[in-house]
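Chemist: Okay, sequence plus prediction incoming.
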Amino acid sequence: MNGTSKSFNAAPLEDDGALDLALMVTEHPAVKSSGAAMLESMRHVNDLIQRCGPWVTSGDFPAERTIEANKEVLTALTKVQNDMQKLDDIDLDALKPAWGDRDSVRMARKSLIGCAQEIMKRLESLKACLASPVSKFSSMRSSPRQETTFYGWGLEGADPVEPKEKEKPPGGDEEPPKERSRSPRDDVGRGAAGEHQADSSENSEERKHNRDTPHFHWTRGQKLGTGNYIVRKQVGEGSFGRVLACLEETSKQMVAVKVVKGVARYKEHAHAEAELLREIRRCDPGRQSYCVKLLGEFTHDLNHCCLVFELLDKSLSDFMRETGDEGLMLRDIRTIASQILQCLHFLNAMNLTHTDIKCRNAMLKDSRGERVPHPRKPGRETKKLHRCEVRVIDFGGAVLKKERHSKRVGTRQYRSPEVVLGLAWDEKTDVWSLGCILLTLYTGERPFPVNNSLHHLALMERLIGELPREMLRSAAAGGSLPEDVSVDSQGCLRLNRKFIDEAQEVINMAKPLQQRVLPQHGALLALLEGLLAPSPSRRLGAEEALKDHFVANESVSE
Ligand SMILES: Nc1ncnc2c1ncn2[C@@H]1O[C@H](COP(=O)(O)OP(=O)(O)OP(=O)(O)O)[C@@H](O)[C@H]1O
């Protein structure tokens, strides 16, 4: 009999009626959906217990099935945690009459949380039983790791840097379909051959291994590092790690801790991001950069690099969703434009390009506000912020001027024409991305809901007019055109038959920029035309844009 089996409880979980009762007393949508999810999790756990019970009690673990079961347990734990969080997030002060009274919702929530805790207990005990066989099998399976190079930030003479692989974050994203940049710096010191090497099967194997490595598993109340950070809940997740809201014991302040996956490359990458953020803090004593503030860095369990940040509230994409994707008040858009431009101006002075400016990477410090009639959409509402202050996050893709490269950086929907075409890019690429953010905030719609380059370029032409022929010609001549794009002898985009069949209708329906902005908002239109100029040499720089009429003039009429 295996030692770990002592704690294994093979009895199936049962609903003692509390779940049903909870679902009967309220119509609150979060309670309803969590209740249904809880029933599903309960069934899943019972199934797992049935499947794993025999090996756990006999101690005879079959390799593949044990690894598979472990993955399932971790996924199920995350799911239950998320469902608990949804319950936790219910605002008892904002109930609709049809959802039932406060006490019923509170009671239902308590019952469901109790049920979730039971499910978690079982999953935790199963996880403990599987842990040691899994680590034994995994070490037998994994191939020797590649040696990783030092990833020093901006250090003269540092070794060629390792790529940051940006993969699609799990759990969906507000910008689907999403394609993340590969590396900000992965071809430094390499040529086109380097690019090819980066795609060799060995690297993609490793990339897959990194992506499949599970995220750090957390529990509420858990202490991180040397015990100074107590986990309260999860506030975000990216490709590199999970972001947890934690109470810092000494200061009694809530902070955000990004716990990076236990993958060597990701750890190095996180150290580099921390180093850069420390440098930003050093250069910004007056806190005028609007960059997120790094408060510290530590290691948890020897394996997880943890970055401690000021705790922020909601990303612009989450906030937009909360307002029903209707678009924000113009005065808030102006403030956001001004603050992100100040951030870009500051980064320019440090010779840095962020490369991944987007709605998910700009967070509000405080998303509280009041619902007001939408000034541009009769009959609709939006949310007017009490205090509009943003912070730019995720500096993992930032690139120093001296380390610029020709790889496609950033998230597809926010990429500038020069990046899509594989041409040289500079800090103006961030300005284009900001243009995409502002247009999204104004219209409520993402200007480039695309997942291939031809569609993207064709939509750009629809929005802002023809792309400069020199740009298309030089991309064609330099061999940097994306695979799906070709250019004719005149230097115009060639739209093939298949494309026309599939996408032409969508392209035709997309409105030019002038038609997306109301006539009374000419100042905003002028700014957007400056930010979304196709040629980087004609595009506004951050410093110039700060002097633009719309940005500089604080009195905005909605
Ligand atoms: N300081 C913070 N306060 C609150 N939430 C945060 C904070 N920083 C990040 N988050 C949340 O965590 C998510 C992931 O953070 P971040 O983008 O830094 O991680 P990442 O792994 O680098 O992601 P990506 O896949 O975009 O590179 C963010 O989208 C945001 O929702």
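Modeler: Received it, and whenever you're ready, just let me know what you need.
Chemist: what's the neighbour count on the nearest residue to residue 250 once chain neighbours are set aside?
Modeler: Counting by CB to CB, 6 or more residues apart in numbering, residue 228 is the residue found nearest to residue 250 once chain neighbours are left out, at 6.2 Å. C-beta coordinates here come from the backbone N, C-alpha and C atoms, glycine included. Counted with other CB atoms under 10 Å, the neighbours of residue 228 add up to 17.
Chemist: hang on, isn't residue 228 packed against residue 248?
Modeler: Yes - between residue 228 and residue 248 there is a contact at 6.1 Å, judged by CB atoms under 8 Å.
Chemist: Please list all residues in contact with the residue nearest to residue 250.
Modeler: Residue 228 makes contact with 248-250 under the criterion CB atoms under 8 Å, 6 or more residues apart in numbering.
Chemist: And for residue 297?
Modeler: 270-271, 274, 305-308.
Chemist: can you pull the contacts of residue 425?
Modeler: Counted by CB under 8 Å, 6+ apart, residue 425 has contacts 353, 404, 409, 416, 418-419, 536.
Chemist: ok, now with 10 Å
Modeler: Neighbour list for residue 425: 353, 355, 399, 404-410, 415-419, 432, 536 [criterion: CB atoms under 10 Å, 6 or more residues apart in numbering].
Chemist: Now, the residues you listed that are in helices?
Modeler: Among the contacts of residue 425, the ones falling in helices (DSSP state H) are 417-419, 432.
Chemist: What subset of those is buried?
Modeler: 417-419, 432 (16 or more other CB atoms under 10 Å).
Chemist: Skipping adjacent residues, who's closest to residue 529 in space?
Modeler: With CB to CB, 6+ apart, the residue lying closest to residue 529 is residue 513, at 6.7 Å.
Chemist: Distance from the chain centre to stretch 550-558, please.
Modeler: Centroid displacement of stretch 550-558 relative to its chain, using CA atoms, centre = their mean, to the nearest Å, is 30 Å.
Chemist: One more: stretch 319-331?
Modeler: Distance, centroid of stretch 319-331 to centroid of chain: 19 Å (CA atoms, centre = their mean).
Chemist: what helices or strands is the helix or strand harbouring residue 266 leaning on?
Modeler: According to DSSP states H and E, residue 266 maps onto helix 264-283. On a contact count with 3 or more CB pairs under 10 Å, 6 or more residues apart in numbering; DSSP states H and E, helix 264-283 meets helix 201-212, strand 241-248, strand 253-260, strand 294-300, strand 304-310, helix 330-349, strand 352-353.
Chemist: Now do the domain split for this protein, please.
Modeler: 3-140, 177-310, 316-552 (automatic domain parsing).
Chemist: Stretch 416-435: end-to-end distance?
Modeler: Taking CA to CA, to the nearest Å, stretch 416-435 runs 10 Å from one end to the other.
Chemist: so how far is that stretch off the chain centroid?
Modeler: Worked out by CA atoms, centre = their mean, stretch 416-435 lies 20 Å from the chain centre.
Chemist: again, but for stretch 315-329
Modeler: 16 Å.
Chemist: buried set for stretch 224-240?
Modeler: 224-225, 228-229, 231-232, 234-240.
Chemist: before we move on, the earlier item: deepest-packed of the helices and strands packed on helix 264-283, please.
Modeler: Comparing those by mean neighbour count (mean count of other CB atoms under 10 Å), strand 352-353 ranks first with a mean of 24.
Chemist: circling back to that earlier point, name the nearest of the buried ones among the ones in helices among the contacts of residue 425 relative to the ligand.
Modeler: Using CB to the nearest ligand atom, residue 419 comes nearest to the ligand of these, at 16.8 Å.
Chemist: Test my guess that residue 454 contacts residue 496.
Modeler: Yes - using CB atoms under 10 Å, residue 454 is in contact with residue 496, at 8.1 Å.
Chemist: what touches both of those two?
Modeler: 484-486.
Chemist: What subset of the residues you listed is buried?
Modeler: For the shared contacts of residue 454 and residue 496, buried by 16+ other CB under 10 Å: residue 485.
Chemist: Using CSV, please lay out the shared contacts of residue 454 and residue 496 together with pLDDT, distance to residue 424 and secondary structure.
Modeler: Listed next are the shared contacts of residue 454 and residue 496 as CSV, based on pLDDT from 0 to 100; distance: CB to CB, whole Å; DSSP: H, G, I helix; E, B strand; the rest coil:
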residue, pLDDT, distance to residue 424, secondary structure
484, 84, 21, coil
485, 90, 17, coil
486, 89, 21, strand
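Chemist: Mind putting the shared contacts of residue 454 and residue 496 into CSV with distance to residue 55?
Modeler: Shown next, in CSV, are these (distance: CB to CB, whole Å):
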residue, distance to residue 55
484, 48
485, 53
486, 56
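Chemist: that older thread, spell out which residues are contacts of both of residue 228 and residue 248.
Modeler: Common neighbours of residue 228 and residue 248 (CB under 10 Å, 6+ apart) are 255, 296, 308.
Chemist: Nearest to the ligand among these?
Modeler: residue 255 (8.0 Å).
Chemist: Tell me the bridge partners for the closest one.
Modeler: residue 246, residue 310 (DSSP bridges).
Chemist: what's the distance between it and residue 231?
Modeler: Here the criterion is CB to CB, to the nearest Å. By it, residue 255 lies 11 Å from residue 231.
Chemist: Might you enumerate the residues of this protein proximal to the ligand?
Modeler: 166, 169, 235-241, 243, 256, 258, 292, 309-312, 315, 360, 393-394, 396 (CB under 6 Å from any ligand atom).
Chemist: where along the stretch 451-558 of the chain do the helices fall?
Modeler: Using DSSP state H, counting those that start in this stretch, the helices of the stretch 451-558 of the chain run over 453-464, 469-478, 497-509, 513-516, 522-531, 542-546, 549-552.
Chemist: ranking those by mean pLDDT, which is last?
Modeler: Lowest mean pLDDT of the helices of the stretch 451-558 of the chain: helix 497-509, a mean of 78.
Chemist: Let's see it as CSV, backbone CA atoms only.
Modeler: Only the C-alpha atoms of helix 497-509 are listed here, as CSV (Å, rounded to 0.1, in the frame of the first residue of the first chain):
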residue,chain,number,x,y,z
ARG,A,497,-9.7,35.1,-55.7
LYS,A,498,-10.0,33.1,-52.5
PHE,A,499,-9.6,36.2,-50.4
ILE,A,500,-12.2,38.1,-52.4
ASP,A,501,-14.7,35.3,-51.9
GLU,A,502,-14.1,35.0,-48.2
ALA,A,503,-13.3,38.5,-47.0
GLN,A,504,-14.4,41.1,-49.5
GLU,A,505,-17.8,41.5,-48.0
VAL,A,506,-16.4,42.2,-44.6
ILE,A,507,-13.9,44.6,-46.0
ASN,A,508,-16.6,46.5,-48.0
MET,A,509,-18.7,46.8,-44.9
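Chemist: Tell me which residues of that helix come out buried.
Modeler: Buried positions in helix 497-509, judged by neighbour count with 16+ other CB under 10 Å: 499, 503.
Chemist: What of stretch 77-84?
Modeler: 77-81, 83-84.
Chemist: same deal with stretch 282-291?
Modeler: 284, 289-291.
Chemist: Overlap of the contact sets of residue 255 and residue 231?
Modeler: Common neighbours of residue 255 and residue 231, counting by CB under 10 Å, 6+ apart, are 244-247.
Chemist: Would you format those as a markdown table with pLDDT included?
Modeler: Putting these into a markdown table (pLDDT from 0 to 100) gives the following:
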| residue | pLDDT |
| --- | --- |
| 244 | 98 |
| 245 | 97 |
| 246 | 97 |
| 247 | 97 |
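Chemist: Closest one to the ligand out of those, please.
Modeler: So of the shared contacts of residue 255 and residue 231, ranked by how close each gets to the ligand (CB to the nearest ligand atom), first place is residue 245, at 7.0 Å.
Chemist: for that closest one, what are its contacts?
Modeler: Applying CB under 10 Å, 6+ apart to residue 245 gives the contacts 229, 231-236, 254-257, 311-312.
Chemist: now, which of the residues you listed sits nearest the ligand?
Modeler: residue 236 (2.0 Å).
Chemist: Right, I'll call it a day here.
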